[in-house]
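generate a structure from the sequence data that follows.
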Amino acid sequence: EVQLVESGGGLVQAGGSLRLSCAASGFTFDAYAIGWFRQAPGKEREGVSCISNSGASTYYADSVKGRFTISRDSAKNTIYLQMNSLKPEDTAVYYCHAEILLALKWRDYWGQGTQVTVSS
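Numbers count the residues shown, from 1 in each chain. As a prediction, the model looks like this:
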């Protein structure tokens with residue numbers, strides 16, 4: 001069973017840092033890109049960052065470039081999102097996402113989300 005489990009969220013003051021983790025299981029971790037999305041109250045879910053299966057390529061939304069860093073650890077089957085210089089507008093539920101090929105069909109998988117709250 002494919003599982004993505006996020007952790008590391010919390011309450012932090014503006015300018016502070018948090019590191020989110022996404023523990024993956026149930027699929028070949030090194031074969032897939034994995035991404036982070038977030039959803040603020042009353043807003044649509046948006047892509048934040050993504051990392052290729054090898055870790056060689058990364059993508060960041062303009063709103064987080066220079067502040068967030070995505071990485072992956074194959075030994076731990078875990079994706080990380082280091083978030084620095086946090087702003088109140090970063091407040092959202094953060095989700096881990098992977099699109100996995102199973103039984104010849106691409107399927108979307110999401111974690112349960114972890115709340116990040118940045119106070120001003």
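
the helix or strand harbouring residue 20 packs against which elements?
For residue 20, the host element (DSSP states H and E) is strand 18-25. When contacts are defined as 3 or more C-beta pairs under 8 Å, 6 or more residues apart in numbering; DSSP states H and E, strand 18-25 packs onto strand 3-7, strand 34-39, strand 78-83, strand 92-102, strand 114-119. C-beta: built from backbone N, CA, C; applies to glycine.

out of the ones you listed, which gets nearest to residue 17?
Of all the helices and strands packed on strand 18-25, strand 78-83 sits nearest to residue 17, with 6.2 Å by C-beta to C-beta.

report the buried residues of that closest one.
Residues 78-81, 83 are the ones in strand 78-83 that count as buried (16 or more other C-beta atoms under 10 Å).

quick one: mean pLDDT over that strand.
The average pLDDT within strand 78-83 is 98.

and if you look at stretch 95-108?
Here the average pLDDT along stretch 95-108 is 94.

between the two ends of it, how far is it?
Length of stretch 95-108, first residue to last, C-alpha to C-alpha, to the nearest Å: 12 Å.

contacts for that stretch, please.
2, 4-6, 22, 24, 27, 32-39, 45, 79, 109-111, 113 (C-beta atoms under 8 Å, 6 or more residues apart in numbering).

count of neighbours near residue 55?
The local packing of residue 55 (other C-beta atoms under 10 Å) involves 15 other residues.

just checking, it touches residue 71?
Yes: the pair residue 55 and residue 71 qualifies as a contact (C-beta atoms under 8 Å) at a distance of 6.9 Å.

and the closest residue to residue 10 other than its chain neighbours, how far from residue 44?
Using C-beta to C-beta, 6 or more residues apart in numbering and skipping the chain neighbours, the partner closest in space to residue 10 is residue 18 (6.2 Å). Separation of residue 18 from residue 44 (C-beta to C-beta, to the nearest Å) stands at 22 Å.
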